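J.: No letters, just coordinates:
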């Protein structure tokens with residue numbers, strides 16, 4: 001099994017590195033006239049699509065018989081057997097404005113269980129990876145969630161419900177409670193990188209109301225292999241098969257966040 005995971009990791013890293021190199025070449029080249037919206041404030045460009053084509057080509061060539069579910073080209077693809085869950089450009093709005101928080105995210109999943117995760121922070125040139133049972137790593141260095149236990153000391157990441165405004169009142173209640181009870185809240189704009197920051201101990205926790213599997217599949221494995229916890233707001237561990245909420249963190253901050261989020265929902 002370990003050798004199989006290593007082969008999957010090698011394919012994912014190759015695909016992510018090639019897509020990241022392409023994105024670096026394209027940064028700053030697209031004007032607003034070439035942007036389109038899938039939903040309000042949810043932009044997509046030909047760069048996203050081409051990056052996904054590159055990733056799929058590498059993955060399917062190196063792992064015959066697998067399938068790809070990607071945000072831009074195959075979001076509704078079948079998920080039987082070994083499936084790659086791909087976000088070719090997590091943080092498209094950041095990319096379009098040359099704000100350096102965007103990433104390539106690739107996960108290998110089987111039976112809803114993430115086996116391998118790779119996230120490349122494109123602008124920083126940093127690469128994160130995790131293997132089920134093999135720990136979480138950044139550029140060859142093992143990483144771990146933080147040891148912060150007191151919520152008042154915690155730095156928490158989040159994401160705004162920009163394309164699902166009906167959830168904004170709930171989010172505002174959550175935000176007020178968490179910012180009052182924590183040491184600070186940040187919103188960089190890439191859930192994949194937010195989860196990497198949890199895994200590396202830079203964020204102590206993270207929450208968001210509505211994310212898709214490709215936003216979180218790789219990052220969730222990184223957090224878990226770094227000693228953290230990832231579920232939806234109801235405590236379900238499956239965050240790779242449907243769009244929904246997410247809460248993550250080191251065990252202590254995760255527990256506090258879940259309690260706060262539950263109280264806001266029930267209010």
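T.: Received the coordinates, thanks. The structure presented is a predicted model; accordingly, all values stated were derived computationally and were not measured.

J.: What separation do you get for residue 123 and residue 193?
T.: 10 Å (Cβ to Cβ, to the nearest Å). Just so you know, the C-beta spots here come from the backbone N, C-alpha and C atoms, and that holds for glycine as well.

J.: ok, residue 142 touching residue 130?
T.: No: contact criterion Cβ atoms under 8 Å: residue 142 and residue 130 do not qualify, at 10.3 Å.

J.: May I have the phi/psi pair for the residue nearest to the spatial centre of the chain?
T.: The geometric centre of the chain, computed from its C-alpha atoms, lies nearest to residue 192 (Cα atoms, centre = their mean), at 2.4 Å. When quoted as degrees, to the nearest 10, the phi and psi of residue 192 stand at phi -60, psi -40.

J.: OK, contacts around it?
T.: By Cβ atoms under 8 Å, 6 or more residues apart in numbering, residue 192 lies in contact with 87, 90-91, 103, 105, 119, 215-216, 218-219.

J.: Check residue 67 too.
T.: Applying Cβ under 8 Å, 6+ apart, the residues contacting residue 67 are 60, 77-84.

J.: Quick check on those residues: which are buried?
T.: With burial judged by 16 or more other Cβ atoms under 10 Å, the buried subset of the contacts of residue 67 is 60, 79, 82-84.

J.: now the helices for the stretch 101-250 of the chain?
T.: Ranges of helices in the stretch 101-250 of the chain, per DSSP state H, counting those that start in this stretch, are 168-181, 191-199, 213-225.

J.: for those, which one sits closest to residue 207?
T.: Of all the helices of the stretch 101-250 of the chain, helix 168-181 sits nearest to residue 207, with 7.1 Å by Cβ to Cβ.
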